[in-house]
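Participant: quick one, structure for this:
(chains A and B)
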Amino acid sequence: MPPASQHSALSTQLEIPDYCLVVLIGASGSGKSTFAHKHFAATEVISSDTCRGLVSDDPTDQAATKDAFEVLEFIARKRLAARRLTVIDATSVRREDRAHLVRLAREFHALAVAIVFDLPEAKCHARNAGRPDRDFGPHVVRNQVRSLRRSIKRLGREGFRYRYRFQSGEEADAAVIARQPLWTDRRAETGPFDIIGDVHGCFDELVRLLGELGYRIRENGDGYAVSHPDGRRIVFLGDLIDRGPGIVDCLRLAMDAVDQGVALCVPGNHEAKLLRKLRGRNVQLTHGLDATVAQMETQPGAFHERVASFIDGLVSHYVLDGGKLVVAHAGMRADLMNRSSGAVRAFALFGETTGETDEFGFPVRYDWAAEYRGDAAVVYGHTPVTEAAWVNRTICVDTGCVFGGTLTALRYPERELVSVPAARTYYEPVGPKPGDDRPGSDDAGVLDMDDVRGKRVLTTRWQRSITVRAENAAAALEVMSRFAVDPRWLIYLPPTMSPCATSDRGGLLEHPAEAFQYYRANGVTEVICEEKHMGSRAIAVVCRDADAASSRFGVAGGQAGVIYTRTGRAFFSARGQDGFESALLARLRDAADRSDLWRRFETDWFCLDCELMPWSAKAGDLVKSHYQPVADAASIGLTAATAALDMATASGLDSTALLARFEARSAMARHYARAFGHYNWPVKSVDDLKLAPFHLLATEGVVHFDKDHGWHMDELAQLCGDDPVCAATAYRRVELSDESSCAAAEAWWEELTANGGEGMVVKPWQFVVAGDKGIVQPAVKCRGGEYLRIIYGPEYTAEEHLARLKQRNLGAKRSLARREFALGLEALARFVEREPLRRVHECVFGVLAMESEPVDPRL
Amino acid sequence: MLLTLTTTHRPATDLGYLLHKNPARVQTFDLAFGQAHVFYPEASDHRCTAALLLDVDPIALVRGRGAHLTDYVNDRPYAASSFLSVAIARVFGSALGGRSTERPELVDEALPLSATVAALPCGNEARVRGLFEPLGYEVTVRPADTATTAGRYRDVTLTAPMRLRELLTHLYVLIPVLDNRKHYWVDDAEVEKLIARGKGWLEAHPERDFIVRRYLKHQRGLADAAIARLSVDEVAPDAEPEDSDVPDAPLNEVRMESVVRALEASGAVRVLDLGCGEGRLLKALLRVGQFHEIIGVDASATALKNAERRLRLDRLPEVKRQRVTLMQGAMTYRDARLAGYDAAAVVEVVEHLEPDRVPAFERVLFEFARPGTVVVTTPNREYNANYPNIADGALRHPDHRFEWTREEFAAWSERVAKAHGYRVQVEPVGEVDARLGAPTQMAIFERCN
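Facilitator: This is a model prediction of the structure:
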């Protein structure tokens, strides 16, 4: 921690932390604003005069003072919350004015810096005289100077850690400000690090662990020389001492390694207590401190002094690797990181407590990690756990070595855990056994409203800044909370898919030639054409067994997978479909066994993007209540109409044209009735279903978007094997520059659609293609003319209708498809990277929210 | 969409004079939604048939954003509906109004008429008969109801000696009633139209109230006003619309009362209504001065909008309005806004959660929001045996994901209370059946310490 300092008036270099609250103190006319203007950015300085002007249009209007200071404080709060250096330019000559500012600094864990302009009164008068807006009487400045002099001696006690004083204008003019990073700020150090949890005097285990990590340790007189061939460095998370047998050696090794630049060390609460003991305070020798005191007894006084100064010099926590890594003994809340206050230090040492004590007299810990929402990874110790596990980007690596557990290190940036077991139990724990995980340690499974509510901007690796609008989030909230499956299963939602551009061929809305043209124009040379199955989109997450589901997805209850729809609902929710999900999952599990998927991908789970047929399995009710009745009404209505027109024509009326028109309408209605008939069949058991997977989205540790679609097709064909329920998807690989290749694919499409098929999906051969204007459409669909009757209406092919329908705009749909694709992949990527649930969920939620955008649903 | 009108009056071709349409020509009229064609399939002295054929433009039918996919594929171009009524009024306006320049004497004469409406969405034959037979028609429905005719569309023929304007009026009113949809917005003007068109036959029609309700698109306020005006000598129906659609209205009242009483007894001042829906409980809570701050929370933005309307928030006096706040929230997401309240009511909500989401709900409510008192109500599944219209093993509402027996609910309440430091007491709500218990069960949780 930086020492308190009162610098002499002649000091020309003013050192201040790069994050602090600077309070300029001085009478009106003492040169504060000039100084502020010279040394700080305009936006860093909040001046009371400016604020007066903001609220009253008159910077000198004393009646506006109260409002002006409210504005000043409001701005200061916003700046400090964002960890921005802030300068308060007001007279601040009275202690009570300053007390307010010191409290503000403390609230945001900023050090308070006082810069005093203690200039002769005459000088201030002179300056004010030269300014037209300072025509207040001389008594004002006199009183200010008097107040200042009276209280200035006690600035240190008021809470100003840095204090500088100018006694002349020349001193002020000569001063230079030097901004220093806080002691916690080691963002420039990028590691690699090996971060070691509470050692508690387990020296043998420490040496073994360092050995496993590749460190060389040489005894060197009464100390140690530590090095690593790859330049790795150790981070000790504190609590090196107490309880165990090798405390002195632990201290020696740690101190030497720190001195040699091979280690960083943050203090633990045990060190803090030892320091108080070493300084002669009356400290109870409990919780293992007796062991430290006993073992240090044999050491010379110099050792005691070295230990005391070592502990005294330890910094509460470190922010490392560009801000991506934070280490502290008991953890660190995001709003305390890289800040400085008693509260920050206390948190680093003790974590957060609720103020209650448990049945063993221990403070009840508040589970800060559960609520952690920061971007940095926080590695900490302090509370023994059975197994180190990531919770919301935090991980506790104290695995209770001294209690007979293990000593654990986290390798960073590799994020691998390395552990050595304790040779024995050195210390019997009082109270709850170490490793009795705290209640609520699965808090990562509870999502927060703030993770999804309101307007949110999400950053994905394929498309930066995707905005989720508040009203869309509101719509998604209802669906997500009332209908979706457990969010821990929802690791992906599929994007919407745009059709190809509208074809100008007669009688057709869509044709593959347009899809080819789109990709060609976007620099894609090769595409895959996949048969489009007309069923319902289904996402299958398949676990090897219930244990895998519980350990990887955190879903207990014996469920070993899930199949859900494109809006996250359980796929089989209809009456009579009980047991379909588990039966189908079992088929997929068997398929994975047969194709040796678990071993080849070193995984216990996989996620498939599929189409599940028949359409009527999901849409059966809709067919019955909507699509079929339209066919019925059309048949009855148009039959009656043509019969009447027939009679009229036969009786000699000039109704031939009308008759022809209604006969044509009848024919289209008959085509429509056939069109949806293709996609319905009765489903009595799982054997009647057909599942066509087309993406093997992810397995443990990998999202397979880096493979081309050919790979996906091969893998999935292998997975499906000869299970009649699983269907490999038919496809063609098309070289876009090769006319015959394109023509063959077009012919294939014509053949598929002539037989009543839905059509095909055209995708770039590579899974993700970045174009000049962001991601190229991951897929476009080319639907068959007959199929489209179900979408555009039975008679859409009539020339007068089609001409109007061809005026369709794909822009909104395409933009949506791109954003949803980016969000879906991001969700998967975060899941495989073991990011906290909320980080996965926000992406999936974003996809669902976007689906509530009003886009022409026929596209 | 086709309507044919046939007469065997001699000379039958007088029909052309009555309809003001020349039997020798095919005529086409432009309407807002497409075209209407009028022609005569047969026109002889002894038998004449006029056809009104509608050609609805299916593409123009769906307008605006936010349409559903199914809106684009629908039966409107084919089924007899309010489009046909509009066409009758437009194309046969004189006949409907009882005017004929050439044959004025026939206007008030009952003629041998028959009308056939093609593809009338009527559901079942009995309904059609119930509407037309009291008016004196012989009704033929094709195809007849059989096991294989599952569809809802029928060709319906009505035969009677009838004045043409009466026949057209009956069709004008009753086709949309059978179809039960309207293509235009129904407002007060529609009441006037119905009163005018129904004059002389609707007042005494045995299905009057049904006809009015459907004709006015189930808008209760409009329908009640119309019925009141049509039933001069009868007592006007109860104008209080609230809750009367709910089959368990009395139970609902009892439930609300019990919840309000429990909250009052807890001494709560700041209360949450979690899953407030359209605000029934909120309304009851507002009547109790003890509750200074009432927060209604629901996952559905639509429900909240309806609650706002129902509570007439914009018209409440300022002091009262400030007591209630509506906010969107879901019971499976931890929500800092919900922390620190005296009490929370969770009325008929938990059974709408998937069982695997209930643990998250428990934690959000009891661990994070942690109100002093929590009142939870939920159906008692055992009691369902007392409802004749609920099949064995079925639940009370299609959206209920589960329902608890008394034992299950008590066990859940006990477990949750113990896990989170609450005391709980479970009470029956509604009439208690000796064997099956009460229809609703209520748990009152009190936070210890």
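Participant: what about residue A:542, how many neighbours?
Facilitator: 24 (other C-beta atoms under 10 Å in any protein chain shown). Where you see a C-beta, it was placed from the backbone N, CA and C, and this is true even at glycine.
Participant: strands paired with the strand or helix carrying it, and their directions?
Facilitator: Under the criterion of DSSP states H and E, residue A:542 resides in strand A:536-543. Partners of strand A:536-543 in the sheet, by DSSP bridges, are strand A:561-564 (antiparallel), strand A:605-613 (antiparallel).
Participant: so for the first one, mean pLDDT?
Facilitator: If I follow you right, that is strand A:561-564. The average pLDDT within strand A:561-564 is 95.
Participant: give me the contact list for that strand.
Facilitator: Outside strand A:561-564, the residues within contact range by C-beta atoms under 8 Å, 6 or more residues apart in numbering or on different chains are A:484-486, A:489-490, A:538-543, A:549, A:570-572, A:581, A:584-585, A:588-589, A:605, A:612.
Participant: switch to 6 Å and redo it
Facilitator: A:485, A:489, A:538-543, A:570-571, A:581, A:585 (C-beta atoms under 6 Å, 6 or more residues apart in numbering or on different chains).
Participant: ok, stretch A:616-623 next?
Facilitator: By C-beta under 6 Å, 6+ apart, the residues outside stretch A:616-623 that reach it are A:536, A:680, A:683.
Participant: now the last one: phi and psi?
Facilitator: Just to be clear, that refers to residue A:683. Per-residue torsions, residue A:683: phi -120, psi 110 (degrees, to the nearest 10).
Participant: that one - nearest residue in space that isn't next to it in sequence?
Facilitator: residue A:617 (5.0 Å; C-beta to C-beta, 6 or more residues apart in numbering or on different chains).
Participant: what of the second one?
Facilitator: On the basis of C-beta to C-beta, 6+ apart, the spatially nearest residue to residue A:680 that is not a chain neighbour turns out to be residue A:616, at 3.9 Å.
Participant: same check on the first one?
Facilitator: Leaving out its chain neighbours, the residue that sits closest to residue A:536 by C-beta to C-beta, 6+ apart is residue A:618, at 3.9 Å.
Participant: which elements pack onto the helix or strand following the strand holding residue A:542?
Facilitator: For strand A:536-543, the succeeding helix or strand toward the C-terminus, using DSSP H and E, is helix A:546-548. Judged by 3 or more C-beta pairs under 6 Å, 6 or more residues apart in numbering or on different chains; DSSP states H and E, helix A:546-548 is in contact with no other helix or strand.
Participant: how about helix A:546-548: buried residues?
Facilitator: Across helix A:546-548, burial judged by 16 or more other C-beta atoms under 10 Å in any protein chain shown covers residue A:548.
Participant: ok, and what's touching it?
Facilitator: A:558, A:560, A:604-605.
Participant: now do the contacts for residue 350.
Facilitator: Looking at chain A here, since you left the chain open. A:269, A:330.
Participant: not quite, go with chain B.
Facilitator: residue B:378.
Participant: which of the contacts of strand A:561-564 count as buried?
Facilitator: Buried members of the contacts of strand A:561-564, scored by 16+ other C-beta under 10 Å, are A:485, A:489, A:538-543, A:570-571, A:581, A:585.
Participant: circling back: so where does the residue nearest to residue A:680 fall, helix or strand?
Facilitator: helix A:615-622.
Participant: ok so, going back, which member of the buried ones among the contacts of strand A:561-564 is positioned nearest residue A:263?
Facilitator: Among the buried ones among the contacts of strand A:561-564, residue A:543 lies closest to residue A:263 (C-beta to C-beta), at 41.2 Å.
Participant: please determine how far the residue in the stretch 101-250 of chain A positioned nearest to chain B is located from residue A:339.
Facilitator: Across the stretch 101-250 of chain A, no residue is closer to chain B than residue A:107, which sits at 18.8 Å (C-beta to the nearest C-beta). Applying C-beta to C-beta, to the nearest Å, the value for residue A:107 to residue A:339 is 11 Å.
Participant: so these two - more neighbours on which side?
Facilitator: Neighbour count, other C-beta under 10 Å: between residue A:107 and residue A:339, residue A:339 has more, with 24 against 13.
Participant: what about that one, distance to residue A:345?
Facilitator: 10 Å.
Participant: rewinding a little: burial of the residue nearest to residue A:680, as a residue count?
Facilitator: Other residues near residue A:616 come to 20 when the count uses other C-beta under 10 Å.
Participant: can you show me the strands along the stretch 401-550 of chain A?
Facilitator: Along the stretch 401-550 of chain A, counting by DSSP state E, counting those that start in this stretch, strands occupy A:406-412, A:416-421, A:447-448, A:456-458, A:466-468, A:498-499, A:526-532, A:536-543.
Participant: for the fourth one, name the packing helices and strands.
Facilitator: The contact analysis (3+ C-beta pairs under 6 Å, 6+ apart) places strand A:456-458 against strand A:466-468.
Participant: who does the strand it packs on pair up with?
Facilitator: Partner strands and pairing direction for strand A:466-468 (DSSP bridges) are strand A:456-458 (antiparallel).
Participant: just want the phi and psi numbers for the nearest residue to residue A:223 once chain neighbours are set aside.
Facilitator: Excluding its sequence neighbours, the residue lying closest to residue A:223 (C-beta to C-beta, 6+ apart) is residue A:256, at 4.6 Å. Per-residue torsions, residue A:256: phi -60, psi -40 (degrees, to the nearest 10).
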